[in-house]
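> need a 3D model of the sequence below.
(chains A, B, C and D)
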There are 4 protein chains.
Amino acid sequence: MTQIPEDAIKCLDKGFVRLVDSMGGDDAIVQAARVSYGKGTSEVSQDRGLIRYLMRHRHTTPFEMVEFKFHCKMPIFVARQWVRHRTANINEYSLRYSEARDEFYFPEPEHIQFQSALNKQGRAGKVPKKLTDKVLNYFQEISDRSFEMYQELNEAGLARELIRAILPVNLYTEWYWKNDLHNLLHFIGLRSDPHAQYEIRVFSDAMAESVKAVAPFAWEAYQDYVVRGMRFSRIEQSLLEKQLPSRVVDDILEDIAYQITATLHHNKPREDSDLYPLYQKQGGSDSEADFKLKWDSGEIKIGNVRELREFKSKLVNLKR
Amino acid sequence: MTQIPEDAIKCLDKGFVRLVDSMGGDDAIVQAARVSYGKGTSEVSQDRGLIRYLMRHRHTTPFEMVEFKFHCKMPIFVARQWVRHRTANINEYSLRYSEARDEFYFPEPEHIQFQSALNKQGRAGKVPKKLTDKVLNYFQEISDRSFEMYQELNEAGLARELIRAILPVNLYTEWYWKNDLHNLLHFIGLRSDPHAQYEIRVFSDAMAESVKAVAPFAWEAYQDYVVRGMRFSRIEQSLLEKQLPSRVVDDILEDIAYQITATLHHNKPREDSDLYPLYQKQGGSDSEADFKLKWDSGEIKIGNVRELREFKSKLVNLKR
Amino acid sequence: MTQIPEDAIKCLDKGFVRLVDSMGGDDAIVQAARVSYGKGTSEVSQDRGLIRYLMRHRHTTPFEMVEFKFHCKMPIFVARQWVRHRTANINEYSLRYSEARDEFYFPEPEHIQFQSALNKQGRAGKVPKKLTDKVLNYFQEISDRSFEMYQELNEAGLARELIRAILPVNLYTEWYWKNDLHNLLHFIGLRSDPHAQYEIRVFSDAMAESVKAVAPFAWEAYQDYVVRGMRFSRIEQSLLEKQLPSRVVDDILEDIAYQITATLHHNKPREDSDLYPLYQKQGGSDSEADFKLKWDSGEIKIGNVRELREFKSKLVNLKR
Amino acid sequence: MTQIPEDAIKCLDKGFVRLVDSMGGDDAIVQAARVSYGKGTSEVSQDRGLIRYLMRHRHTTPFEMVEFKFHCKMPIFVARQWVRHRTANINEYSLRYSEARDEFYFPEPEHIQFQSALNKQGRAGKVPKKLTDKVLNYFQEISDRSFEMYQELNEAGLARELIRAILPVNLYTEWYWKNDLHNLLHFIGLRSDPHAQYEIRVFSDAMAESVKAVAPFAWEAYQDYVVRGMRFSRIEQSLLEKQLPSRVVDDILEDIAYQITATLHHNKPREDSDLYPLYQKQGGSDSEADFKLKWDSGEIKIGNVRELREFKSKLVNLKR
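Below is the predicted model of the structure:
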């Protein structure tokens, strides 16, 4: 079994994640998108904008053009969840062919928790030391005893493919795991979620570090539009429609009119006299005097014109 | 955990395979092929011929038009091999959500065998009763002890997703498993092979019964052209071409005995006196005098010992 | 080329979609989910609730347990978009093997529109009759002329695989197309979207009819949670957080407290005296007198407790 | 549309294949295999042996650890065949978004051939110059005329997604295409086969050059064990077993001549006087007297003509 390599991120007590190789990054996403959607300029700021546009509109194929390969070592019960992501390529350590090693996962006391009452799949609450000690003793006992048996039977020459059946799922295994960025982000989205089991979250978070380094714009866009977005169902939306006072929506729309104006001005500065008409064109309804006061207030933030316009149309829908 | 349903095929001591549903059969293969390759008559004999033609020529897409859904229950170490077939749809019993049941796999004494010396992944040979008893006792002990611990910790309210980590991989799990015929045949081709682990072969053979019943022509064609076919590599083929038809197989086998001898000698040089016995061990039948003449002729090529031995066993099959 | 079958839905001028076969429905989703998440009762209302829960929380694998097979006929340029959905199994009419038929797509005048100025991929606006006539004449001319050439060369015995290269992409083709429900819903989500090209939307809408009939709860849940949901990005969310007056959010939360109370009461009726405490437990802050007035007003709608609680936690996040 | 880049391989008259990026090579296959099958020494000769072993025994997952990304430009009818390989990631030039360019495929006169009589999907034979000229004129006329119309309608502002429908499938398109080595070899195995259409074979052969350079051992092994191997079906094999080693191939061929004759007669009965000439046409070499004796013996089995002929051609290969 592989020791933890120097350039790996340690995970749990004996596991790790190591980026072995990658192909492409933000540039490869942009390159692929441009063959589909035509040429554009090549400034870095525009690459970022294009990547965010693709993510926002679920144009997922350009993200498939980036590939990652990891070497990972984790307990079998973690591998069992992991392997359900079927788009990846995997080569795993074989216990039919090779001997098992004496490496088992023992949880840190702080991660030994009660079954959650709310979440049938989760854990919660602080466990008294006496009970965490018992858990740890049991992990130790079953690991030691099963491995002792395994070794004895292995030395007696019995078939490894059979005698491995007595080893518990806290035994460590390892594999090479290769996946494209689109599917890797989906994996991380599910497995770095607070509802995912702690023991796989640690590995997902470690892989996230590689994604951030290799494709920082794609990572940021995924966070902004998928992970940290908030989605309202049709029913929730209709409740919002009923309850949100028109005035509140109008206030936000007014705010957006200022932001779009400031952003357009920032991207391509206008004459002072052109600013108020530009603001009106964006749906702004303040008087020219109020506009000037607000404009000079220093409170108006700039953003991304396309995103702001999309937000505007969502809000208008809420007013229906 | 589901008891063995009436219409299921029992597998191992507590597992099963049950065909839950299927879509299409031989007729669906023919229907799909005919949209691609045009109309034809519809006699049953011609359906069989068309299916055999498709199989022989690797036209695999019509076989994807048939779908199978199974309910299966098997030990975790079997599930771990099984799940590597990534084209299937799977819903597995979750030990995060549900409690583990006291159901563990205990092998029949006859399936407790030694590690194969020839096949690093296999088992072979008869094991003395004393030793099979020890194996069974160990399976029993580790299953009982780990489940006792699991129950105690579960009753103490600890998180199931964590305490399951002490359960061994001979614990039974279950799932719904859905796959198309093309990929199911590929699964069976690999997992009903004599080189597959016995414990998964049992399940593969059980699913094969459903395939035979649902799509008998496709099953027969797969057996005839893929499973029981004999393929000669480019190298083997060129040897065959040179040797046939005179004296044929024996001559080739004689040749191979020389080649293996020379290759073994090349990889790890022997004393002169050891060469003739070595050659005889490879099945060579020339006299010692003839052997020396040939050996000094400079005509003997070296090769790859494993490849030559595989070729030999194929030729021996041809001699039967 | 297949004529439009009786049980098919006609699409465009000469195409169709026909459900050939399907495996499972809402019941198969529930069956698969229950092997993963444990038993439950089996009333229909609970099946619907379970399916909605699965959809809301992206538990997609149970939806993969339902399979659809369609026979479809559509122009080549539609088939080219369609085929990009790689999870499906396809058997298409082959122009290498079979002769092309004289069947070409001619758009209805109302679908001949200008290139959209806003949406680089769309069409918009009304086109003068003179211009739609020209378009139709060109479609007619190129279809007639290319098919005339094709026939002449075909009769001269030239290879079909080559001479088909002069046929335009408005030529009709046909195929069998098989996919699971999860991926079919994803297809329909993208291709029945108003931004999808009209000519593929027609086919997507036709397949949607089959989904509605075969798995009505899954269809409804997909609409409610995915298609008609509204997603706010992190940036939009932070704008909402800033602009939404706490009072507005509190009003909606108050509303939800009433809805949850009424729903719990509806599912399992309580004593009158237990209602106000129950309402308070849901976070309601009206006085008992106000509570009674509102309770008797007949305005309170019931919903799904789990959904309402999830909505509540989203709103609380907006108040941060 | 992209001009042919310097480092690209030109394909057909205006297309190309360019290796944009790759991840791993023979070394990555070995690395992945060793995590599964344990350590070994690292000499190059042993890498080759390991790779050949993996290929011979269908251990395909290590080959999935190598990834290729190509930029390709090809006619639409070629792209339509190509895209059926569903494991690849693709980003294609969009005619909804971008304008079509005046680039159409015109075949070289030598590739304009007749429809094959033997192979319903192939082409064969030399075509008189007068006829190849006609084909070329038709390709030219339809390309020119359709593009002229397209341009006129495009300048009139009509929606590109619609008016592209009049363009023929010899129009060039382009894409980024990314795939792993296992699936790429499968693609090349099918598309560089002599039965594949010439126009896609050119592209497959060009990609093969990259595979040879990036993973030479894997390429060689695939050729030796898959592409150029010779596989005997169960039926062929059992015939071989019976006949070898005496007189061998000629005897079997003689047998087949009888079997084919009897089968043809069974399918469509002939006059007695036609039987001996028919038998001779199948390659039979017995005298007429011997033929009659054998014919009346009742020993001749009937089979499937196509299968028997395929077997014959394999045996003829064995005689070379």
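> what's the residue of chain A most remote from its centre sitting at in phi/psi?
Note on chain A: the largest separation between a C-alpha and the mean C-alpha position, by C-alpha atoms, centre = their mean, falls on A:Ala156 (47.4 Å). Dihedral angles of A:Ala156 (phi, psi; degrees, to the nearest 10) stand at phi -80, psi 0.
> wait, what's in contact with the residue lying closest to it once chain neighbours are set aside?
Closest residue to A:Ala156 in three dimensions, ignoring its sequence neighbours and counting by C-beta to C-beta, 6 or more residues apart in numbering or on different chains: B:Leu131, at 6.1 Å. Any C-beta I mention is one placed from the backbone N, CA and C, and that applies to glycine too. Under the criterion of C-beta atoms under 8 Å, 6 or more residues apart in numbering or on different chains, the contact partners of B:Leu131 comprise A:156, A:158, B:112.
> now those in CSV, with pLDDT?
Below are the contacts of B:Leu131 laid out as CSV (pLDDT from 0 to 100):
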residue, pLDDT
A:Ala156, 96
A:Leu158, 96
B:Ile112, 96
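> closest one of the residues you listed to chain C?
Minimum distance to chain C across those is 31.0 Å, recorded for B:Ile112 (C-beta to the nearest C-beta).
> where does the residue lying closest to A:Ala159 once chain neighbours are set aside land on pLDDT?
The spatially closest residue to A:Ala159, leaving aside those adjacent along the chain, is B:Arg123, at 3.3 Å (C-beta to C-beta, 6+ apart). With respect to pLDDT, B:Arg123 scores 86.
> isn't B:Arg123 up against B:Gln115?
Yes. Counting by C-beta atoms under 8 Å, a contact exists between B:Arg123 and B:Gln115, whose distance comes to 6.4 Å.
> overlap of the contact sets of the two?
Residues touching both B:Arg123 and B:Gln115 comprise A:Ala159, with contact defined as C-beta under 8 Å, 6+ apart.
> before we move on, the earlier item: mind listing what the residue nearest to A:Ala159 touches?
With contact taken as C-beta under 8 Å, 6+ apart, B:Arg123 is in contact with A:159, A:161-162, B:113-116, B:198.
> of those, just the buried ones, ChimeraX syntax please.
Paste this into ChimeraX to select the buried members of the contacts of B:Arg123, with burial taken from 16 or more other C-beta atoms under 10 Å in any protein chain shown:
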select /A:159,161,162 /B:113,114,115,198
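> A:Gln140 is in contact with A:Asp133, isn't it?
No. Between A:Gln140 and A:Asp133 no contact is recorded; they are 10.3 Å apart, counting by C-beta under 8 Å.
> run the chain-centre distance for stretch A:153-170.
Between the centre of stretch A:153-170 and the centre of its host chain there is 37 Å, according to C-alpha atoms, centre = their mean, to the nearest Å.
> residues of that stretch that come out buried?
Neighbour count says stretch A:153-170 has A:153-154, A:158-170 buried, by 16+ other C-beta under 10 Å.
> start to end distance for that stretch?
The straight-line separation of the ends of stretch A:153-170 (C-alpha to C-alpha, to the nearest Å) is 20 Å.
> and if you look at stretch A:266-284?
Start-to-end, stretch A:266-284 (C-alpha to C-alpha) is 18 Å.
> wait, does it make contact with chain C?
No. In this structure, stretch A:266-284 remains apart from chain C according to C-beta under 8 Å from any C-beta of the partner chain; the gap is never smaller than 14.9 Å.
> hang on, the earlier thing: please name whichever of the contacts of B:Arg123 scores lowest on pLDDT.
B:Ser116 (84).
> those strands in the stretch 1-150 of chain A, which residues are they?
Across the stretch 1-150 of chain A, reading from the start of the chain, the strands by DSSP state E, counting those that start in this stretch fall at A:9-11, A:15-23, A:67-75, A:89-92, A:114-115, A:123-124.
> ok, and what's touching the fourth one?
Spelled out, it's strand A:89-92. Here strand A:89-92 makes contact (C-beta under 8 Å, 6+ apart) with A:79, A:83, A:173-179, B:84, D:32-33, D:35-36, D:61-62, D:64-65, D:180.
> out of those residues, which are inside helices?
Using DSSP state H, the members of these that fall within helices are A:79, D:32-33, D:35-36.
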